[in-house]
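1. compute the structure for the input listed below.
(one chain, ligands or ions: 2)
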Amino acid sequence: MAEYDYDILVIGAGPGGYVAAIRAAQLGLKTACAEARETLGGTCLNVGCIPSKAMLHASEYFDAAANGAMESMGINVSPKLNLLKMHEQRLDAVGGLTKGIEFLFKKNKVDWKKGLATFVDAHTVEVGGEKVSAKEIVIATGSSVTPLPGIEIDNSKHVVVDSTGALELPKVPKHMVVIGGGVIGLELGSVWRRLGAQVTCVEFLDEILPGMDGDVRKEARKIFKKQGIEFKLGTKVTGCTVKGKKATLTMEPAKGGDAETLEADCVLVSIGRKPNTEGLGLENIGLEVNQRGQIEVDHEFKTSVNGVRAIGDVVPGPMLAHKAEDEGIAVAEWIAGETGIVNHDVIPSVVYTLPEIAGVGLTEEQAIEKMGGDKKAIKTSKFPMMANSRAKTNHEGDGFVKIIAEAESDRVLGVWAIASVAGTMIAEAALAMEFGATSEDIAYTCHAHPTHSEALKEAAMGVQGKPIHI
Ligand code: FAD
Ligand code: NAI
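-> Ligands and ions are numbered 1, 2, ... in the order given. So this is what the prediction gives:
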C-alpha cells in the first residue's frame, strides 16, 4: 500500500489551487483538491474577477447608451435598466465557468474533497469528516475582505456591504459611499455610478490607487471625477451607524481635524484583503504567519514545514488571479521534479474601468529609488491616447501610455497605461519585459494600424526622442 493517499493535495480551488491541481495531474501525480465552497473557482470565479467583470461589461453598455456616447456616433437610444436580467447574466457567467472547472477536474482525474480542510499533521488533513494524506500539501486558501473596525458588514441588508454584497445589490442605490480608493472601490463604484448612483469615494491616503505610477494615479482620479465620482482624499472613516436603509458615516481628516458626517444608502467597505489562514490548523503543524498574516515561502513555494507549500493570495505579493495561477503551475512543476518559474518582477495589474488602467514592472517613483535617487538614470516617455488615431476615432481619447527605461541600457523597467483597452495592451509590454526588451526594440517592432497598441510603440519612440504623431 502506498504511504500516502495522494502525491499532492491542494487546499483551495481558486485560480491558484485549481490550476496547481490540474497541472499536477497533467504531470502524472495522483492529485486531490479540497474546497469548502459549493462550487470550484475560488474568489475569482465566484465573487471576484468574473462577476465583477460581468457587471462592469454590462454597465458599460448601459452607460454608453445613457450618457450620450452612443448618440455621438449616430445611435439614438433611451436605455431602460433591467437589473434583474443584468444579475442573471452575471450568475450565468459564474455558473458556466465554475462548472467548467468541475469538468476539467473530472477530465484530469483530480479528486475534489468537499469541505473545510484542517491540518492534522504535515501530511494529513481532515476534510468533510475524512482524513486525507498526501506526500506534498499545497495551501492555496486565498484571501477575504479586511474588516474596518467599528463598521459591521451585512450583505443581506444591502446597506453596509463588502465586494460580494456590492455585486448583488437588488436596486441601484441613490448614494453609494465607497471606503477605499483601490481597485475594488473604483471598479464596483464605477458599476453603480454608471447605473445611476451618486458615488463618493473616501480614501485614507492623499491619492487613489496606491502602488501604481504617480502620473497614472493623478490622471485616473481626474478621469473618474469627470465621470462623476466624488473623492474625499486624506480622509478616514471613524464610524458608521445604520438606521433602517440609511447609513451615516463619521469621518475626519487622516492628519487630524474636524469630524464630518456623510449619509448613504449603501456603503462599500473595500480597504483591502487579508490572507485566509483561520481554521486551517496551522498550529497543528507549527507553521507561523508573518506580521501581515501571510505564509512565507521560498522560490519553490516551500514553507518552513517540510512537505507543505503555499501559493496565491495567502503568500506575499500582489493579490491577483494570474499571479496565483502562475504560482499554481510552478508549484506543481517543482513537486513533479521540474523547475517552476514565476518572474515576480513582471506581473501586470489592471483596473477594469473605462478607460482601463494597467501597469507592469516599476513605477517611475520605484525606478528612481532603485537607481539610488538619480532621476537621470532613467528615461520616461508618455504618449497621449488623444494622438492615437484609433482611440481618437473611437472617442476614447482619455489617457496615455508611459514607458520607463533605464537610461544607460535602454532596458524597459516599467510600462503604465490608461486607455480603453489598456488591460489587453499591457500583455505586449509584459512579454517585451520578460524578454529583456529595450525601448528601441518596441519602437522598431511593427504594430498594426489603426490599433491602440500603436500608442505603446509611439511612447517607445518617445524614449528615443522621436515619436511621429505628436
Ligand atoms: P481564492 O481565489 O481566494 O481561492 C481560495 C479558495 O480556498 C476559496 O474558494 C476558499 O473557499 C477555499 N478555502 C479557504 N480555506 C479553505 C480550507 N481550509 N479548506 C478548503 N477550502 C478552503 N484579480 C485579478 O487578477 N483580476 C481581477 O479582475 C480581479 N477582480 C477581483 C474582484 C473582486 C471583487 C475581488 C474580491 C477580487 C478580485 N481579484 C482579481 C483578486 C482575485 O480574485 C484573487 O487574487 C484570486 O482569486 C486569488 O486566488 P487564490 O487561488 O489564491 O485564492
Ligand atoms: P486595495 O488595496 O486595492 O485598496 C484599498 C484602498 O483602501 C487603498 O487605497 C487604501 O489606502 C484604502 N484604505 C485603507 N484603509 C482605509 C480606511 N480606513 N479608510 C479609507 N481608505 C482606506 O484593496 P481593495 O480595493 O479592497 O482590493 C483588494 C485586492 O483585491 C486588490 O488589492 C487586488 O489585489 C484585488 N483585486 C484586483 C482586481 C483587479 O485585478 N482588477 C479587482 C478587484 C480586486
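
2. and Glu102, that one's in a strand?
-> No: looking at Glu102 with DSSP: H, G, I helix; E, B strand; the rest coil, it is helix, so not inside a strand.

3. thought it was touching Leu40?
-> Yes: taking contacts as CB atoms under 8 Å, Glu102 lies within contact range of Leu40: 5.6 Å. All C-beta spots, glycine's among them, are computed from the backbone N, C-alpha and C.

4. pLDDT value on the closest residue to ligand 2 within the chain, please?
-> Distances between the chain and ligand 2 by CB to the nearest ligand atom are smallest at Gly182, namely 1.8 Å. Confidence at Gly182, expressed as pLDDT, is 98.

5. and it, what does it touch?
-> Contact analysis of Gly182 by CB atoms under 8 Å, 6 or more residues apart in numbering lists Ile208, Leu209, Pro210, Ser270, Ile271, Gly272.

6. quick one, phi psi at it?
-> phi -100, psi -160 (degrees, to the nearest 10).

7. the residue in the stretch 351-470 of the chain positioned nearest to ligand 1: how many residues sit nearby?
-> Residue of the stretch 351-470 of the chain nearest ligand 1, by CB to the nearest ligand atom: Tyr352 (5.8 Å). Here the number of neighbours of Tyr352 (other CB atoms under 10 Å) works out to 19.

8. quick one: it from Ala321, how far?
-> 12 Å (CB to CB, to the nearest Å).

9. swap in His452?
-> 23 Å.

10. give me the nearest residue to the residue of the stretch 251-400 of the chain found nearest ligand 1, chain neighbours excluded.
-> Distances between the stretch 251-400 of the chain and ligand 1 by CB to the nearest ligand atom are smallest at Gly312, namely 2.3 Å. Nearest residue to Gly312 in three dimensions, chain neighbours excluded: Gly16, at 2.9 Å (CB to CB, 6 or more residues apart in numbering).

11. show me the contacts for the one you found.
-> Gly16 touches Gly42, Ala140, Gly142, Ile311, Gly312, Asp313, Ala324, Glu325, Glu327, Gly328, counting by CB under 8 Å, 6+ apart.

12. re earlier: what residues does the residue of the stretch 251-400 of the chain closest to ligand 1 make contact with?
-> Contacts of Gly312 (CB under 8 Å, 6+ apart): Gly12, Gly14, Pro15, Gly16, Gly17, Ala140, Thr141, Gly142, Lys323, Ala324, Glu327, Gly328.

13. could you count how many residues lie near the closest residue to the second one other than its chain neighbours?
-> Right, the one you point to is Gly14. Distance criterion CB to CB, 6+ apart; nearest residue to Gly14, sequence neighbours excluded, is Gly42 at 2.1 Å. Neighbourhood size, Gly42 [other CB under 10 Å]: 29.

14. repeat for the one 5 residues further on
-> Other residues lying near Val47 total 21 when counted by other CB under 10 Å.

15. how about the contacts made by it?
-> So Val47 contacts Ser163, Thr164, Leu167 (CB under 8 Å, 6+ apart).

16. of all the residues you listed, which comes closest to Thr445?
-> Ser163 (38.0 Å; CB to CB).

17. would you mind listing what in the chain touches ligand 2?
-> Neighbours of ligand 2 within the chain, by CB under 6 Å from any ligand atom: 148, 179-185, 187, 202-205, 210, 236-237, 270-273, 318-320, 349-352.

18. is stretch 40-49 anywhere near ligand 1?
-> Yes: Stretch 40-49 lies within reach of ligand 1 by CB under 6 Å from any ligand atom, at Gly42, Thr43, Cys44, Gly48, Cys49.

19. please apply the same query to stretch 179-197.
-> Yes: contact between stretch 179-197 and ligand 1, assessed by CB under 6 Å from any ligand atom, occurs at Ile184.

20. got any ranges where the stretch 251-400 of the chain has weak pLDDT?
-> Applying pLDDT under 70 to the stretch 251-400 of the chain flags no residue at all.

21. that one against ligand 1: which residues are in contact?
-> So far as CB under 6 Å from any ligand atom goes, the stretch 251-400 of the chain lies against ligand 1 at Asn276, Gly279, Leu280, Gly312, Asp313, Met319, Leu320, Ala321, His322, Ala324, Tyr352.

22. so what are the domain limits for the protein?
-> Each domain of the chain is listed here as a residue range: 6-145+274-335, 155-271, 349-463, per automatic domain parsing.

23. please name whichever of those domains is nearest to His469.
-> domain 349-463 (5.0 Å).

24. got the end-to-end distance for the closest one?
-> End-to-end span of domain 349-463 (CA to CA, to the nearest Å): 23 Å.

25. enumerate every residue touching the residue nearest to Ser78 when sequence neighbours are not counted.
-> The shortest distance from Ser78 to any non-neighbouring residue, by CB to CB, 6+ apart, is to Ala65 (7.8 Å). Residues in contact with Ala65 (CB under 8 Å, 6+ apart) are Val77, Ser78, Pro79.

26. 10 Å - rerun?
-> Counting by CB atoms under 10 Å, 6 or more residues apart in numbering, Ala65 touches Glu71, Ile75, Asn76, Val77, Ser78, Pro79, Lys80, Leu81.

27. between those, which has the most around it?
-> Neighbour-wise, the contacts of Ala65 (other CB under 10 Å) top out at Leu81, 17 neighbours.

28. quick one on the thing from earlier: where does the residue nearest to Gly312 land on pLDDT?
-> The predicted local confidence for Gly16 is 98.

29. for Ser72, same thing?
-> pLDDT at Ser72 comes out at 88.

30. so what's the residue count around the closest residue in space to it that isn't next to it in sequence?
-> Closest residue to Ser72 apart from its sequence neighbours, by CB to CB, 6+ apart: His395 at 6.2 Å. Per other CB under 10 Å, the neighbour tally for His395 reads 12.

31. wait, His395 sits on Asn67?
-> No: in this structure, His395 is not within contact of Asn67 by CB atoms under 10 Å, at 11.4 Å.

32. hmm, back to that, isn't the residue nearest to Gly14 right up against Tyr18?
-> Yes: between Gly42 and Tyr18 there is a contact under CB under 10 Å: 7.2 Å.

33. which neighbours do these two share?
-> Gly12, Glu35, Thr98, Ile101, Ala140, Ala324.

34. bridged to the second one, which residues?
-> Right, Glu35. Lys114 (DSSP bridges).
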